[in-house]
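Asker: sequence-free structure coming up:
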């Protein structure tokens, strides 16, 4: 299923080695045909990107990512069926997880909070022009994160909706800790944390059928 | 007889003018009290007359004729007066009910006619009237509910269309324009960039309108966070400093209540931004086991003394009535500014 033996080098590897041939492999997931086509064309224009596939649903996205090696997934938040954050968490569970860029009409604080839990690397507004989107793709391909900061009041109010353990997890993720570190701090197994994270995400954004 | 004369005199009125007020129009009949009292007085006078003429011709007592006449007249007057007083007690409640019925409108449908007991015809009438008011009130609440639900459904549909169709198309246009702009010759570059900017602005407008139409966060995150987001958004967009406080651990509320609270907050903050000339405002949502209280206060001009409620305010009242909540909008006593206060009884829901 997820055999990645002969995977091409990642973008980081390419940049590190200044290799002009290895390009950033991008997966596009957007349920609107015109936007999908627009993204595909825009990204394909860039010499350092290769659009592996452009699909409409989260399910199709996870299937492609299981088969192909992907460096960056550009995902619309609102998809028909499972949403972009569900896909983000699924992608991050792959043996070689791609960087995830959520491409959304709304980028307000609530989505930013949920995106942290879904381990997305960046959120880009659909109101940004092509050049800014390409810059963001390169940014996350290089292993950096770019999530909008959560207004403190909103973070507080979200925290109040969570129980103590979830609050701790949420707080650590907001502070930038990796899930493995969070599991270490809490002294729970990664599998336990994993299910807690799904529930947390579920609670944060009412995700339908998170698992 | 005088009774007939007066009634004829009253009938003359309507002919003099057709632009008369409804109140004057209603006076076209002889009031029940006068009619019964008149008939009774007539009967009494006839009875006394018959007694004097037929049963005791000439004299009915040993008094002097003039004294006798005075006594008879005084007795007749006394009986007529007593009759009027008694009749007034009977007719009074009917008149009170008429006055009450005239006062009732949709703003005070909850009022009831006092003294509605099944102990007299007037009481029965008041009782029936109160029952009718109750039915009207229920009907009114249900129809308002239907209208508001239809309105929310329509807003949701428009917001979704805006987002899924117009917004996505514009996004695609923007992506296409981005590509084109990179390649056009330098002399048209500026124009292309201007078009790109215009599309960006349209996209932002579409998004803002969609958000205002339908608070998506409400479905996803519940009332508390949605109010926080609302405060943040107003603060950011409108150069208004809004301090929001939402009490922790709100009890679970029906979706309808959450929506009403949210809409009232939204409308009140819109009013603050539009009319108050205040640079800051406070929004608080607190609760006790029996009630949920939403308050929005500003430090601005306050309501003008002669302000008539606009559509927005009426909308707030209607929404509040829908969930059995009370809404008060008024100027603050101690300080300048206006306060909107929504109190939702919680007992019914939990």
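Answerer: Happy to help now that I have it. Source: prediction; values computed, not measured. Numbers count the residues shown, from 1 in each chain, chains lettered A, B, ... in the order given.
Asker: what about residue 195, how many residues nearby?
Answerer: By default, I'm working from chain A. Burial of residue A:195, expressed as a neighbour count using other C-beta atoms under 10 Å in any protein chain shown, amounts to 12. Bear in mind the C-beta positions are built from the backbone N, C-alpha and C, glycine included.
Asker: actually chain B
Answerer: Neighbouring residues of residue B:195 were enumerated by other C-beta under 10 Å; the total is 15.
Asker: could you find the closest non-adjacent residue to it?
Answerer: Of all residues not flanking residue B:195 in the chain, residue B:177 sits nearest, at 6.4 Å (C-beta to C-beta, 6 or more residues apart in numbering or on different chains).
Asker: contacting residues around that neighbour?
Answerer: For residue B:177, the set of contacting residues under the criterion of C-beta atoms under 8 Å, 6 or more residues apart in numbering or on different chains consists of A:129, B:192, B:195, B:196, B:199.
Asker: what's near enough to touch the nearest residue to residue A:92 once chain neighbours are set aside?
Answerer: In space, not counting the residues next to it along the chain, residue A:92 is nearest to residue A:119; the distance is 4.5 Å by C-beta to C-beta, 6+ apart. Going by C-beta under 8 Å, 6+ apart, residue A:119 touches A:88, A:89, A:92, A:100, A:179.
Asker: ok so, going back, does the residue nearest to residue B:195 sit in a helix, a strand or a coil?
Answerer: Under DSSP: H, G, I helix; E, B strand; the rest coil, the three-state class of residue B:177 is helix.
Asker: just the helices in chain A please.
Answerer: Assigned by DSSP state H, the helices in chain A fall at A:11-17, A:33-45, A:58-67, A:84-92, A:109-117, A:130-141, A:152-160, A:164-174, A:179-186, A:190-205.
Asker: tell me which of those helices sits nearest to residue B:167.
Answerer: When those are ranked by distance to residue B:167, counting by C-beta to C-beta, first place goes to helix A:33-45 at 9.5 Å.
Asker: off-centre distance for the helix or strand containing residue B:224?
Answerer: Following DSSP states H and E, one finds residue B:224 within helix B:216-238. Average the C-alpha atoms of helix B:216-238, do the same for its chain, and the two points are 29 Å apart (C-alpha atoms, centre = their mean, to the nearest Å).
Asker: how about stretch A:50-60?
Answerer: The gap between the average C-alpha position of stretch A:50-60 and the chain average comes to 14 Å, counting by C-alpha atoms, centre = their mean.
Asker: what sits up against it?
Answerer: Where contact means C-beta under 8 Å, 6+ apart, the residues beyond stretch A:50-60 that reach it are A:23-31, A:33, A:36-37, A:39-40, A:43-44, A:61, A:64, A:68, A:70, A:75, A:79-84, A:86-87, A:90.
Asker: and it, end to end?
Answerer: From its first residue to its last, stretch A:50-60 covers 18 Å (C-alpha to C-alpha, to the nearest Å).
Asker: returning to that earlier point: and the helix or strand that comes right after the helix holding residue B:224, does that touch chain A?
Answerer: Next along the chain after helix B:216-238, taking DSSP H and E as the criterion, comes strand B:241-246. Yes: contact between strand B:241-246 and chain A is present through B:244, B:246 (criterion: C-beta under 8 Å from any C-beta of the partner chain).
Asker: what angle separates the helix or strand that strand B:241-246 is followed by from strand B:241-246?
Answerer: Elements were assigned by DSSP H and E; along the chain past strand B:241-246, the next helix or strand is helix B:255-271. Taking axes from the mean of the first three to the mean of the last three C-alpha atoms, to 10 degrees, helix B:255-271 and strand B:241-246 form an angle of 160 degrees between their directions.
Asker: packing partners for helix B:255-271?
Answerer: In this structure, helix B:255-271 packs against helix B:216-238, strand B:280-287, strand B:291-298, helix B:311-322, strand B:338-345, with contacts taken as 3 or more C-beta pairs under 8 Å, 6 or more residues apart in numbering or on different chains; DSSP states H and E.
Asker: buried residues in stretch B:291-303, which are they?
Answerer: Judged by neighbour count (16 or more other C-beta atoms under 10 Å in any protein chain shown), stretch B:291-303 contains these buried residues: B:292, B:293, B:294, B:295, B:296, B:297, B:298, B:299, B:300, B:302, B:303.
Asker: returning to what we had before: the residue nearest to residue B:195 and residue A:42, how far apart?
Answerer: As judged by C-beta to C-beta, to the nearest Å, residue B:177 and residue A:42 stand 10 Å apart.
Asker: and residue 116, what does it touch?
Answerer: Since you didn't name a chain, this refers to chain A. By C-beta under 8 Å, 6+ apart, the contact list for residue A:116 reads A:147, A:150, A:170, A:173, A:174.
Asker: not quite, I wanted chain B
Answerer: Residues in contact with residue B:116, defined by C-beta under 8 Å, 6+ apart, are B:123, B:126, B:127, B:129, B:130.
Asker: out of those residues, which is most surrounded?
Answerer: If you count neighbours using other C-beta under 10 Å, the busiest of the contacts of residue B:116 is residue B:126, which has 24 neighbours.
Asker: what about stretch B:184-193, near chain A?
Answerer: No: where contact is defined by C-beta under 8 Å from any C-beta, no part of stretch B:184-193 touches chain A; the two come within 9.2 Å at best.
Asker: and that stretch, how far out from the chain's middle?
Answerer: Taking C-alpha atoms, centre = their mean, one finds the center of stretch B:184-193 at 58 Å from the center of the full chain.
Asker: re the thing from before, the contacts of stretch A:50-60, buried ones only, as a PyMOL selection?
Answerer: Those of the contacts of stretch A:50-60 that meet the burial criterion (16+ other C-beta under 10 Å) are gathered into one PyMOL selection, given here:
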select buried, chain A and resi 23+24+25+26+27+28+29+30+31+36+37+39+40+43+61+64+70+75+79+82+83+84+86+87+90
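Asker: got the domain boundaries for chain A?
Answerer: Chain A is divided into the following domains under automatic domain parsing: A:11-141, A:152-205.
Asker: turn those into TSV, including distance to residue B:274 and mean pLDDT.
Answerer: Converted to TSV, the domains of chain A look like this (distance: least, C-beta to C-beta, whole Å; pLDDT from 0 to 100):
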stretch	distance to residue B:274	mean pLDDT
domain A:11-141	23	87
domain A:152-205	24	78
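Asker: what's the most buried one of those domains?
Answerer: The highest mean neighbour count among those, using mean count of other C-beta atoms under 10 Å in any protein chain shown, belongs to domain A:11-141: a mean of 21.
Asker: thinking again about what came up before, export the helices and strands packed on helix B:255-271 to a markdown table and tack on distance to chain A?
Answerer: Conversion of these to a markdown table gives the following (distance: least, C-beta to the nearest C-beta, whole Å):
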| stretch | distance to chain A |
| --- | --- |
| helix B:216-238 | 4 |
| strand B:280-287 | 11 |
| strand B:291-298 | 15 |
| helix B:311-322 | 23 |
| strand B:338-345 | 19 |
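Asker: could you dump those to TSV with mean pLDDT?
Answerer: Written out in TSV, the entries for these read as follows (pLDDT from 0 to 100):
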stretch	mean pLDDT
helix B:216-238	76
strand B:280-287	92
strand B:291-298	93
helix B:311-322	83
strand B:338-345	92
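Asker: closest one to residue B:208 among these?
Answerer: Between residue B:208 and these, the shortest separation by C-beta to C-beta is 7.9 Å, and it involves helix B:216-238.
Asker: what angle sits between the closest one and strand B:241-246?
Answerer: Interaxial angle of helix B:216-238 relative to strand B:241-246 (the same axes, to 10 degrees): 150 degrees.
Asker: what's the closest non-adjacent residue to the closest residue to chain A within the stretch 151-300 of chain B?
Answerer: Taking C-beta to the nearest C-beta as the measure, the stretch 151-300 of chain B has residue B:178 as its residue closest to chain A, at 2.7 Å. In space, and not counting its chain neighbours, residue B:178 is closest to residue A:130: 2.7 Å by C-beta to C-beta, 6+ apart.
Asker: I'd like to know how far residue A:138 sits from chain B.
Answerer: Shown here: residue A:138 relative to chain B, a distance of 15 Å by C-beta to the nearest C-beta, to the nearest Å.
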